[in-house]
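Colleague: pasting the structure only:
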């Protein structure tokens, strides 16, 4: 369970949000410029709130009153960015293994094989990242985040940089991840159709504020 | 033209040793400083930046004299080094390495700093969300991606160090076998009657070393760049 009550001033824009998510996939929905990415960066620990609390499963990640700010690398929160951000100097296998190494986790070949099969990336191991298609890059980025064994997965418009055909290629993988991995996820999108297929709970953002919290029926038709 | 004499070989070997030691000692310092200048804001950053570049704009003889005042036997640091650690730099080849290191430092730091600035911070953020502490982000992402710049800085620094003359001769003089580098040897030879052919031999050696360094750096940089673009 993720509980957020936080605010942040970013130039002219102010973000001030409070909500609780207990869904398997919480959709952050809103037009561009409503603060979705800033909010996700706060959850990841890349951006510190000016005021408020962020709590994940009884673990306080941010509490400005108590001067608590857990840095990103100690949060165990996976993050898949819009631009996959694969490490260009590492091959696919090394990218996938990066989070395990950094967290000092033992090798778990069964888990790795399961995630890689789920995402259909086992055959890409030896490739350099420059030799991957856009869809493959995002699948590897998903695998890399999951293999770090995150407590929460943040997906920030992972399909936005892809064309329609590629979106249709990746979406089923996301549905499978939701149904088979059980990692709670925050999914950011401005696409209502995408959101309807994935989210189990929807948080509508408007101008840096939470406009509504509910089910997928909140989404515009 | 006759072949290279043992005295000339001594100067060549000394030059290579001095430049190599200067570069190897200066590189970790240069990387740390380049990272600070590229990635951190701190009080006095402008001053540190100016100090790093000072040897580039000061007359070399001034830098050499300042080194002599500081690291000479009676200098504040020099006396302490000699008394407590037994390290003497003045008129020694190690002093030549220090002078060369100081003189080449700005050329070493600049490409490293530029290449660290060019590393996408988004990749560093991605690494931290994957559990990498700041120093591991540096070691596994920033530094490998900045490698072409590090190599370029090392080669530039090495080339500058091997050719350094003014600060070195001021600080450690021109002692054959101890502090007489190629440059100092050429200087001595062209002041001696019939030193011309020996000077010319050393000039050719300098050109060969410089060319080899440039070709090597070009080759290393191209390999590193290919690797970094994920191909």
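Modeller: That came in fine, so what should we check first? What you are looking at is a predicted structure, and each value in this text was computed from that prediction instead of being measured.

Colleague: Give me the buried positions along the longest helix along chain A.
Modeller: The residue-count maximum for a helix in chain A (DSSP state H) belongs to helix A:164-181. Neighbour counts over helix A:164-181 (16 or more other C-beta atoms under 10 Å in any protein chain shown) mark A:166, A:167, A:169, A:170, A:171, A:173, A:174, A:177, A:178, A:181 as buried. C-beta coordinates here come from the backbone N, C-alpha and C atoms, glycine included.

Colleague: Intersect these with the contacts of chain B.
Modeller: Near chain B, taking C-beta under 8 Å from any C-beta of the partner chain as the test, no member of the buried residues of helix A:164-181 is found.

Colleague: Widest-spaced pair of those residues?
Modeller: Greatest spatial distance in the buried residues of helix A:164-181: A:166 and A:181, 21.6 Å, computed using C-beta to C-beta.

Colleague: And the closest residue in space to residue A:93 that isn't next to it in sequence, how close does it get to residue B:177?
Modeller: Once flanking residues are discounted, residue A:93 sits nearest to residue A:125: 4.2 Å by C-beta to C-beta, 6 or more residues apart in numbering or on different chains. Per C-beta to C-beta, to the nearest Å, residue A:125 is found 56 Å from residue B:177.

Colleague: Flag every buried residue along the lowest-mean-pLDDT helix or strand in chain B.
Modeller: The least trusted helix or strand in chain B, going by mean pLDDT, DSSP states H and E, turns out to be helix B:196-228, with a mean of 85. Residues B:198-199, B:201-202, B:205-206, B:209, B:213, B:217, B:220-221, B:224, B:227-228 are the ones in helix B:196-228 that count as buried (16+ other C-beta under 10 Å).

Colleague: Dump the residues you listed into JSON lines; add distance to residue A:28 as well.
Modeller: Shown next, in JSON lines, are these (distance: C-beta to C-beta, whole Å):
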{"residue": "B:198", "distance to residue A:28": "77"}
{"residue": "B:199", "distance to residue A:28": "74"}
{"residue": "B:201", "distance to residue A:28": "73"}
{"residue": "B:202", "distance to residue A:28": "70"}
{"residue": "B:205", "distance to residue A:28": "67"}
{"residue": "B:206", "distance to residue A:28": "64"}
{"residue": "B:209", "distance to residue A:28": "60"}
{"residue": "B:213", "distance to residue A:28": "54"}
{"residue": "B:217", "distance to residue A:28": "48"}
{"residue": "B:220", "distance to residue A:28": "46"}
{"residue": "B:221", "distance to residue A:28": "43"}
{"residue": "B:224", "distance to residue A:28": "40"}
{"residue": "B:227", "distance to residue A:28": "37"}
{"residue": "B:228", "distance to residue A:28": "34"}
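
Colleague: What is the nearest of those residues to residue B:66?
Modeller: Closest approach between the buried residues of helix B:196-228 and residue B:66, by C-beta to C-beta: residue B:206, at 26.4 Å.

Colleague: was I right about the closest one contacting residue B:199?
Modeller: No: counting by C-beta atoms under 8 Å, residue B:199 is not a contact partner of residue B:206; they are 10.5 Å apart.

Colleague: For chain B, what lies in contact range of chain A?
Modeller: So chain B meets chain A at B:120, B:122-123, B:125-134, B:136-137, B:140-141, B:144-145, B:227-231 (C-beta under 8 Å from any C-beta).
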